[in-house]
Structure formats: structure tokens, C-alpha cells
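*Asks:* Whatever this is, show me its structure:
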Amino acid sequence: MSPEIGRILLVIGLLLIVVGGLAALGVRLPFGRLPGDIAITGEHGGLFIPIGTMIVISLILTLLANLFLRR
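*Replies:* So this is what the prediction gives:
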């Protein structure tokens, strides 16, 4: 395993710890009800499809990957 992959895994782990800590404290992240998200509610339940949120998270992860994997 190369040192670069180790650094990437370390950064991802630290980000997960920070996000988990914020969630445990009750802090709401700014994702979840963006324009483009589909929410269908009915009498017996609902359906939530976070298309807009998935696009934003994908863009952020792509930018981070390009920053860390650039040679």
C-alpha cells in the first residue's frame, strides 16, 4: 500500500470522526433539503430521493480526490 493511499484513508477517517461528532452534538449539516431533492409524502409514509444532495456531495468528493491524488 502506498503512503498516498494511507494519507487519503487517514483524511477520510478524520472527516468521518468530525461529522460523527457534530451529529452526536445535534448539529445539522447543510445537506438534505436542497433544490433538486425529491420528497413524496402520502398517508402511509413517504419517499425521499436526494438527487441534488448527491450531486453536491459528488462534486465535493471529486474536488478533494483531485487535490489529494494529483501528482
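
*Asks:* three-state assignment of the spatially most central residue of the chain?
*Replies:* Residue closest to the average C-alpha location in the chain (C-alpha atoms, centre = their mean): Ile57, at 4.9 Å. Under DSSP: H, G, I helix; E, B strand; the rest coil, Ile57 falls in the helix class.

*Asks:* That one and Glu43: what is the separation?
*Replies:* From Ile57 across to Glu43, the span is 31 Å (C-beta to C-beta, to the nearest Å). The way it works is simple: take the backbone N, C-alpha and C, and place the C-beta from them, glycine included.

*Asks:* just Ala23 next, same as before
*Replies:* 30 Å.

*Asks:* So if I had to pick from these two, which one is more boxed in?
*Replies:* The neighbour count for Ala23 versus Glu43, taken as other C-beta atoms under 10 Å, is higher for Ala23 (11 against 5).

*Asks:* Now that one: which helix or strand?
*Replies:* Here Ala23 is covered by helix 3-24, with elements defined by DSSP states H and E.

*Asks:* So which bits of that helix are buried?
*Replies:* Buried positions in helix 3-24, judged by neighbour count with 16 or more other C-beta atoms under 10 Å: none.

*Asks:* after it, next one along is what?
*Replies:* Past helix 3-24, the next helix or strand by DSSP H and E is strand 38-42.

*Asks:* Which strands and helices lie in contact with the very next helix or strand once past that following strand?
*Replies:* Using DSSP H and E, the next helix or strand after strand 38-42 towards the C-terminus is strand 45-49. The helices and strands touching strand 45-49, judged by 3 or more C-beta pairs under 8 Å, 6 or more residues apart in numbering; DSSP states H and E, are strand 38-42.
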